[in-house]
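Novice: no sequence on this one, just coordinates:
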C-alpha cells in the first residue's frame, strides 16, 4: 500500500515537473548580454488583451489566444518589445504565425518556423508564438537573430511543422495559412489550412467524423446548386461559384478538401486528386 | 424589478432621445429597395460628404478575400482595414479583393505609429499593399486621450493629405471616448472619428458622439456587436440562444438606430455573417430588439462591470471597486485564477486587507446594477 502511495505521489510529482517544463517562462532581458529590463513584465489573457493592444486584439483572439507574457528590453536607446503568446495548441499557434508571415519574405528555422525583417521578428514553437518589435527605426536584423536564437532555447514545444503543410504544392504558392474559422469564407468549412496560388486556392478541413464530413459535403452541394459528381476519395463534386471560381471538392474520411480555381485553363480536378492522395486516410 | 427593466429599456432608447434634442441631426435615408437583393441605407460621414452604406465592412478577421469582394458586389461601400492587421497581410487581401471596385467604394486604413516619420512610412506601405494611390480615410489608431493626438501625428496626416495620399484624416478610439471625442469634435484637422460604440457602453459615449456629429465630424461605429457578447463562450448554454435569438443583429440595429452614426464596421468573417448583417439596414430597431438586448443586459448586469468609474470614491474603506471587479472577472469569467490572484496581490496592502463582511452595509451603488458588495466579497474570498 505504501509503495502504491509513493508511486502515486512520484507520478503526480513527475506530472507536475512535466507540466512546468511545458510552461514557457516570462522572457528575460538578460538572455542576451548587455540588455536590461525596462518597466515591469506584462501578463494578459483573452479578457484584457485589448488593454494592451486595443484594435488588434481580435487578430489574436480568433486563433484561440489564451495568455501573453511580455517584457520590454533596453540597450542604449534601443528597445525590444518581446511578447510570448500561448494559443493552447500547436495548430492554432501556427495559424497565428501564418497570419503574420509575409509570404514574399524568406522564413527561418527558428522554433518550428520564423521570420525576421528589419524591425520585427517572430517565430512559432509548439503552442507558443513569440514576437519582437524593435524601436526606434533601423535595421536590427543581426540583433534580432541573436535574440530569437536565445529565445528559441527557452521556449518549450515542438519544432515540427504541422503535417498538413506538406500536402500543398509549393509551386506558384503565395501563402499557406491555417484559417481559424470559415475557410473560403464559408461557415460550414469550420477550420483548416488554405493555400493561395497564382491560379486559385486549395484547402483541407478536418471534421470530427466521416459522417460530419459527409454532412459538410451535402451542405456544400446545396450551397453551390448545380454540381457534377467526380471520382475522388470517398465522394467529390465539381461546381462553379461567382467568387470562388471553378471548384472541385472531395471528401476522404474525415477530411474535406479541394481547389477553387480562378484562372482560365487550369483544371481543379487533377489538382484535387493529387491533394486527396496526400491527405491521410482517417476513420 | 419593473423599474430595473424600465431603466434598461430606457437606456437602450438613449440615442433616439439624445438625437431628438438636436435640430441638425443627420437623418438616415429611407432604405432603398432594389428590385432584388439586399436593402441598403446610406448616410453621409459628416462634412467629408462621403456617402456610405450604414453597414460597412470591418475586414480585420475576414477569412477569405472572396467575402470582401462579394460584399462590394452586393453594394456595401465602406471597407476598413489597418496597417497592423495580420502583420500587413490583411491590407494585401483587402486590396486584392477590392481592386475592381476601388473607385466605387470608400476605403480606410489606420496607423498605430507614434511618430510622424513612421506614420508617413506606413501610409506609403498601406497604399502599396492595398494597390491604390489614395485612402479615403486614414486613422491614427487606438487613441485613448487627447495627449495621444500629438502635433507630430497630425502633421503626418496633413502631409499625406497635401500629397493626395489621403482624402480625410481620422482617429480611432476604443476607450476614453467621453474625454477624447469632445476633444476631437473641436479639432479642426480631424474629419472622422472611429469609435467603439455598442449597447453595453455607458451613455456618456452616445453623448460624446452626438457632440462630434453636431460639429460635422463623420462618426464610424466599431465593436458594434459589443465585447460583452464575446464573453459568452461556446460551451455556455446562453451561447446558442444568443446566436439563435438574433442578439447580434439586434446589437447592430441598436447602433444604426443612432442617427449620429455615419456607418459601422462590424467584423465579418464569412458570407453568412455578411448576409446576416445586411439585414440590419432593411429592418429597423424595434421592440423585439429592445427586448433581446434588455434581456441580455439584465442577465449580465449583476456581473458585468462597464468600468464607467462612477463607483470611485463610494467605498467607505477606499477600495478601488472597479479594479477589484475587473480582477474577479479574470477568475470567474475566464478561468484565469492565477492572474486574478496576481492582480489582487498588486493592490495596496490597505485595500487587499479589507473584508466587506466587516462593514455594516455597502455604500457603493452601481448605476448599472452590478451587485458590488457580493462581487467584491467573492474576490476577497477567492484571492485574499
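Specialist: That came through fine. As the structure is a computational prediction, the values presented were derived from the model and not from experiment.
Novice: for the chain, what spans make up the strands?
Specialist: All of this is about chain A. Along chain A, the stretches classed as strands by DSSP state E are A:36-37, A:42-45, A:67-75, A:78-86, A:113-117, A:120-125, A:128-135, A:173-179, A:192-197, A:200-206, A:228-229, A:235-241, A:245-252, A:255-261.
Novice: right idea, wrong chain: chain B
Specialist: Along chain B, counting by DSSP E, strands occupy B:42-44, B:51-53, B:57-58, B:78-80, B:106-111, B:135-140, B:166-173, B:192-196, B:218-222, B:263-264.
Novice: please identify the most buried of those strands.
Specialist: Mean neighbours per residue, mean count of other Cβ atoms under 10 Å in any protein chain shown, is largest over those for strand B:263-264, with a mean of 30. (C-beta placed from N, C-alpha, C; glycine too.)
Novice: show me the chain divided up by domain.
Specialist: Assuming you mean chain A. A:25-154, A:163-278 (automatic domain parsing).
Novice: can you look at chain B instead?
Specialist: With automatic domain parsing as the reference, chain B has domains B:2-297, B:321-383.
Novice: could you tell me the end-to-end distance of the last one?
Specialist: When the termini of domain B:321-383 are compared using Cα to Cα, to the nearest Å, they are 15 Å apart.
Novice: tell me the mean pLDDT for that domain?
Specialist: Domain B:321-383 carries an average pLDDT of 82.
Novice: low-confidence ranges, the stretch 1-150 of chain A, go.
Specialist: By pLDDT under 70, the weakly predicted segments of the stretch 1-150 of chain A are A:1-21, A:54.
Novice: let's have the domains of chain B in CSV, adding distance to chain A.
Specialist: Below are these laid out as CSV (distance: least, Cβ to the nearest Cβ, whole Å):
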stretch, distance to chain A
domain B:2-297, 3
domain B:321-383, 5
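Novice: lowest average pLDDT across those?
Specialist: Among the domains of chain B, domain B:321-383 scores lowest, with a mean of 82.
Novice: gap between that domain and the chain center?
Specialist: 26 Å (Cα atoms, centre = their mean, to the nearest Å).
Novice: same deal with stretch A:196-212?
Specialist: 15 Å.
Novice: flag every residue of chain A that's near chain B.
Specialist: A:43, A:45-48, A:50, A:53-56, A:58-59, A:61-62, A:67, A:99-103, A:120, A:122, A:136-137, A:175, A:179-187, A:194, A:201, A:242-244 (Cβ under 8 Å from any Cβ of the partner chain).
Novice: derive a ChimeraX selection command for the buried subset of those.
Specialist: Selection of buried members from the residues of chain A next to chain B for ChimeraX, criterion 16 or more other Cβ atoms under 10 Å in any protein chain shown:
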select /A:43,45,46,47,48,50,53,54,55,56,58,59,62,67,99,100,101,102,120,122,175,179,180,182,183,184,185,186,194,201,243,244
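Novice: would you list the strands of chain B in CSV and tack on distance to residue B:282?
Specialist: Shown next, in CSV, are the strands of chain B (distance: least, Cβ to Cβ, whole Å):
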stretch, distance to residue B:282
strand B:42-44, 13
strand B:51-53, 12
strand B:57-58, 17
strand B:78-80, 17
strand B:106-111, 21
strand B:135-140, 25
strand B:166-173, 28
strand B:192-196, 24
strand B:218-222, 18
strand B:263-264, 15
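Novice: to residue A:238, which of the ones you listed lies closest?
Specialist: Each of those was scored for nearness to residue A:238 using Cβ to Cβ, and the closest is strand B:57-58 (30.1 Å).
Novice: run through who's touching the closest one.
Specialist: Applying Cβ atoms under 8 Å, 6 or more residues apart in numbering or on different chains, the contact partners of strand B:57-58 are B:68, B:71, B:76, B:78, B:79, B:80, B:222, B:265, B:266, B:267, B:268, B:274.
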